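> coords please:
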Amino acid sequence: MQLRKINIEKVLFLDIETVPEVYNFSDLDDETAALYTHKTKFFQKDGLTAEDVYDRAGVYAEFGKIVCISCGIVQDKPEGRTIRMKSFAGDDEKLLLEEFAELLNKHYNSPYHILCGHNAKEFDFPFLGRRMLIHGIDLPAALDIAGKKPWEINHLDTMELWKLGDYKHYTSMSLLCHIFKVPTPKDDISGADVARVYYEENDLARIVTYCQKDVIALIQLFLRFRNDPLVLEENIID
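Numbers count the residues shown, from 1 in each chain. The predicted model follows:
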């Protein structure tokens, strides 16, 4: 799949923000606590306990939940290229997943549509699918990869694109934005702050803003990979 041949208007760029389903390890029931302890035993070193590494709970679909899905699309117009943003956010994870699934089913359900994220093949896409299954939501075609051949899965990952075949290579989006001179989205909170902002500050709007900035940076980075000019800030529409 050559990037410059992709119809960028058929690509849905996205990012998710996740938190632990419950904020504190002590709030878990005994069975869930035991299962989390087993899940994270590799990280329990040098005297650390499962409670000590509970800050990892949000990265596991079995113990975390999604509080925001931000999406961006690129449109080529006579007056210039634009980015349009849309976010699904809230305390009711099932509802926001149903709304996102409806978007995929209605508008991103053909072989010509593509989902794109950063480290999304390892995190965002499977996390979305797993949480949908947990809530009894049928997987949209864009996320239902069972039985598909690799070339039939229309997923793009900017981290994978940067690897260029180097399977052991990990590069953060912040670093890629820096070297490609893409305005960094990390000007307020970081991923490590999301659970605190959600549970202690009850500031979902701040999380949405953070997530949307990540998607904007993702799109601009993708454009740089194609040697396309960046979208002007005034052409980014929330």
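> Please pull up the helix or strand immediately following the lengthiest strand in the chain.
Criterion DSSP state E: the longest strand present in the chain is strand 64-77. Using DSSP states H and E, the next helix or strand after strand 64-77 towards the C-terminus is strand 80-89.
> how near is Gly72 to Tyr54?
Distance of Gly72 to Tyr54, given as CB to CB, to the nearest Å: 32 Å. (C-beta placed from N, C-alpha, C; glycine too.)
> Could you do Ile73 as well?
Counting by CB to CB - Ile73 and Tyr54 are separated by 36 Å.
> of the two, who's got more company?
Neighbours per residue (other CB atoms under 10 Å) separate Ile73 from Tyr54, with Tyr54 holding more: 23 against 20.
> check contacts around that one.
The contact partners of Tyr54, by CB atoms under 8 Å, 6 or more residues apart in numbering, come to Pro20, Asn24, Phe25, Tyr36.
> let's see 10 Å
20, 22-28, 33, 36-37, 40, 63, 195 (CB atoms under 10 Å, 6 or more residues apart in numbering).
> Tell me which entries of those lie within helices.
The members of those that map onto helices under DSSP state H are Ala33, Tyr36, Thr37, Ala195.
> Let me know the closest of these to Leu223.
Nearest to Leu223, judged by CB to CB, of these is Ala195 at 31.3 Å.
> Could you check the angle the longest strand of the chain makes with strand 80-89?
Put simply, strand 64-77 runs at 160 degrees to strand 80-89, going by axes from the mean of the first three to the mean of the last three CA atoms, to 10 degrees.
> Going by neighbour count, which of the ones in helices among the contacts of Tyr54 are buried?
Among those, the ones that count as buried by 16 or more other CB atoms under 10 Å are Ala33, Tyr36, Thr37, Ala195.
> Go through the longest helix along the chain and flag the buried ones.
Of all segments of type helix in the chain, defined using DSSP H, the longest is helix 204-225. For helix 204-225, burial by neighbour count (16+ other CB under 10 Å) applies to 204, 206-225.
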